[in-house]
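> Here is a sequence together with a model predicted from it:
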Amino acid sequence: MKAILVYSGKGGVGKTTTSANIAKVMAESGHKVFIIDADVNTPSMNVVFGSEEPHDNIMVSSMGFSTDGMIYIEQSMVKKFIRQSVSKAKKYNPDFLIIDTPPSITDVHINLIDSVDVSGMIMVTQPNALSVSDVNRTAMFFEGREVSVIGIVENMAVSSKAEKPDYRWELLGSIPFAGEFDSQKALENNKSAYRKIAKKLENTDNVILRNKERTIFNETITVEDIQAMNKVKSKHRFINVETWEWVREQLIEDQENQPYSTGTIDNHLLWATTDRVKGFIGAFEDGNQAYFMITKSPSINGVDLMAGEIGQGTLYFDEKYYGIPRLKYNTFQGEVTLFLHEVTPVGNREINEIINTGGSITKDGRYIQHKDAQRDLYNTFGSSCGMSSNWEEKYNRIVTG
């Protein structure tokens with residue numbers, strides 16, 4: 001497929017309108033188009049198109065379809081959204097992938113370039129000195145990362161006869177200014193110009209769309225390999241996700257067969273099911289840190305944790321517990337190590353739920369539920385989620401830092 005970045009040096013120049021209308025004329029001519037709305041903090045493709053599949057030949061991936069009512073988009077979620085969007089695009093198998101990016105240079109652009117190979121980029125600008133200056137200045141970022149600029153799309157031009165700025169790249173098309181410059185009217189009045197731009201994009205290079213995988217374990221190791229290794233070293237331990245079910249069964253069987261066994265199995269093994277391990281590890285597919293919710297606040301000397309709070313942690317392996325993955329969780333009182341049954345991976349929706357319902361963000365970046373929600377949690381679950389009668393005292397310490 002051909003993957004096209006659509007970019008502007010500054011906001012408000014009609015970048016989203018350009019992306020949408022190029023996609024529409026491509027779809028009308030029979031091309032399949034997949035759109036990634038990478039402007040994650042202010043998504044708008046969901047407004048322009050209204051649904052994820054608005055046309056037989058168009059599919060849209062936008063955080064706007066899943067973050068309605070949210071007031072905050074956590075930047076660490078960008079990689080996950082891009083990865084999920086690329087996976088959807090691969091399944092859809094379009095002729096063109098159009099990526100509508102935020103203005104200026106952000107983490108989104110860095111993550112996109114690190115994650116997706118592109119055919120090239122078109123720059124959207126208004127024909128004024130400030131907008132053109134921003135385009136020329138920021139283009140160096142992409143050129144330095146070997147992203148070729150296909151050309152310029154000029155939006156909101158006062159007159160097609162007006163003197164054009166001295167662009168560094170080919171002018172692909174000029175869309176005149178209209179009093180009501182919305183996406184659909186711009187398309188109706190300038191369809192031939194958008195078709196000309198789309199035709200230019202047909203001459204760009206094809207790319208193979210793929211997610212650049214992050215490898216945490218050697219998943220090529222099989223049960224047979226472990227059995228061969230254990231002839232020399234008999235101690236079973238966590239190796240990778242694919243073999244964990246078998247290893248766990250062996251560890252449980254070893255404990256059951258111990259002399260004078262009472263039949264009691266280590267709780268760490270009972271809680272560490274394959275599905276739980278797989279979900280835990282999956283949270284780190286996009287980086288070394290991930291967000292987790294505390295589902296059972298443990299009793300740890302000197303560190304206050306609240307059930308239902310959300311914070312960042314890093315992946316950790318402890319040989320003391322069969323090499324089962326655990327979480328190093330960050331707090332202003334220090335770092336604590338948590339077990340699989342004490343946390344659950346979360347995303348942007350859970351974070352925004354806390355923010356939208358009056359929760360707090362602590363100085364160390366943890367998200368704490370509103371006190372009323374915390375009280376309801378204690379009254380409902382009490383000690384089963386690790387809360388004790390002095391929960392309010394702990395809550396105040398965490399929130400005030």
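Ah, there it is.

> Tell me the buried residues in the helix or strand harbouring residue 270?
Under the criterion of DSSP states H and E, residue 270 resides in helix 267-271. Of the residues in helix 267-271, 268-269 count as buried by neighbour count, 16 or more other Cβ atoms under 10 Å. Every C-beta, even on glycine, is put in place using the N, C-alpha and C of the backbone.

> what about that helix, distance to the chain center?
Distance of helix 267-271 from the chain centroid (Cα atoms, centre = their mean, to the nearest Å) equals 30 Å.

> Check which element follows that helix along the chain.
helix 274-282.

> contacts for that next one?
Residues from elsewhere that reach helix 274-282 (Cβ atoms under 8 Å, 6 or more residues apart in numbering): 216-217, 238, 241, 244-245, 248, 315, 324-325, 327, 340-341, 343-345.

> where in the stretch 51-200 of the chain is pLDDT low?
Applying pLDDT under 70 to the stretch 51-200 of the chain flags residues 67-76, 158-163, 178-182.

> So residue 150: helix, strand or coil?
The three-state assignment at residue 150 reads strand, by DSSP: H, G, I helix; E, B strand; the rest coil.

> and the residue nearest to it when sequence neighbours are not counted, what does it touch?
Of all residues not flanking residue 150 in the chain, residue 120 sits nearest, at 4.2 Å (Cβ to Cβ, 6 or more residues apart in numbering). Shown in contact with residue 120 (Cβ under 8 Å, 6+ apart): 4-5, 147-150, 204-205.

> which residues pair with residue 120 across the strands?
residue 4 (DSSP bridges).

> just residue 34 next, same as before
Counting by DSSP bridges, residue 34 forms beta bridges with residue 59, residue 97.

> count of neighbours near it?
Using other Cβ atoms under 10 Å, residue 34 has 27 neighbouring residues.

> next one: residue 132
Residues near residue 132, counting by other Cβ under 10 Å, number 21.

> Check which helix or strand it maps to.
Assigned by DSSP H and E, residue 132 falls within helix 129-143.

> Grab the CA positions of that helix and hand them over as CSV.
The C-alpha atoms that make up helix 129-143 are tabulated as CSV, following Å, rounded to 0.1, in the frame of the first residue of the first chain:
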residue,chain,number,x,y,z
ALA,A,129,4.5,34.2,5.7
LEU,A,130,3.9,32.8,9.2
SER,A,131,2.4,29.4,8.0
VAL,A,132,4.9,28.9,5.3
SER,A,133,7.7,29.7,7.7
ASP,A,134,6.4,27.0,10.1
VAL,A,135,6.3,24.5,7.3
ASN,A,136,9.9,25.2,6.1
ARG,A,137,11.2,25.1,9.7
THR,A,138,9.6,21.9,10.8
ALA,A,139,10.2,20.0,7.5
MET,A,140,13.8,19.6,8.5
PHE,A,141,12.7,17.2,11.3
PHE,A,142,11.2,14.8,8.7
GLU,A,143,13.9,15.2,6.1
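
> Report the buried residues of it.
Residues 131-132, 134-136, 138-139, 142 are the ones in helix 129-143 that count as buried (16+ other Cβ under 10 Å).

> Export these to a markdown table and append columns for distance to residue 112.
As requested, those are exported to a markdown table (distance: Cβ to Cβ, whole Å):
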| residue | distance to residue 112 |
| --- | --- |
| 131 | 22 |
| 132 | 23 |
| 134 | 19 |
| 135 | 18 |
| 136 | 21 |
| 138 | 14 |
| 139 | 15 |
| 142 | 10 |
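
> any idea which residue sits dead centre in the chain?
Residue closest to the average C-alpha location in the chain (Cα atoms, centre = their mean): residue 80, at 2.3 Å.

> Where does that one sit, in terms of helix or strand?
Element membership of residue 80, judged by DSSP H and E, is helix 78-92.

> same thing with residue 326?
Using DSSP H and E, residue 326 sits within strand 325-331.

> Could you check how far the helix or strand that that strand is followed by is from the centre of its chain?
Counting by DSSP H and E, the next helix or strand C-terminal to strand 325-331 is strand 334-338. A distance of 25 Å separates the C-alpha centroid of strand 334-338 from that of its chain, computed with Cα atoms, centre = their mean.

> Stretch 1-9 now?
On Cα atoms, centre = their mean, the centre of stretch 1-9 falls 19 Å from that of its chain.

> now do stretch 346-363
In terms of Cα atoms, centre = their mean, the centre of stretch 346-363 is found 17 Å from the chain centre.

> which residues in this structure form strands?
2-7, 33-37, 58-62, 96-100, 120-125, 149-157, 171-176, 289-294, 310-317, 325-331, 334-338, 343-345, 360-361, 367-368 (DSSP state E).

> what is the orientation angle of the helix holding residue 132 with strand 120-125?
160 degrees (axes from the mean of the first three to the mean of the last three Cα atoms, to 10 degrees).

> Can you point out the buried residues in stretch 353-372?
Neighbour-count burial for stretch 353-372 [16+ other Cβ under 10 Å]: 353-354, 359-360, 362, 366-369, 371.

> Now do the end-to-end distance for it.
End-to-end distance for stretch 353-372: 14 Å, by Cα to Cα, to the nearest Å.

> Let me see the domain layout of the chain.
The chain breaks down by automatic domain parsing into domains covering 2-201, 223-400.
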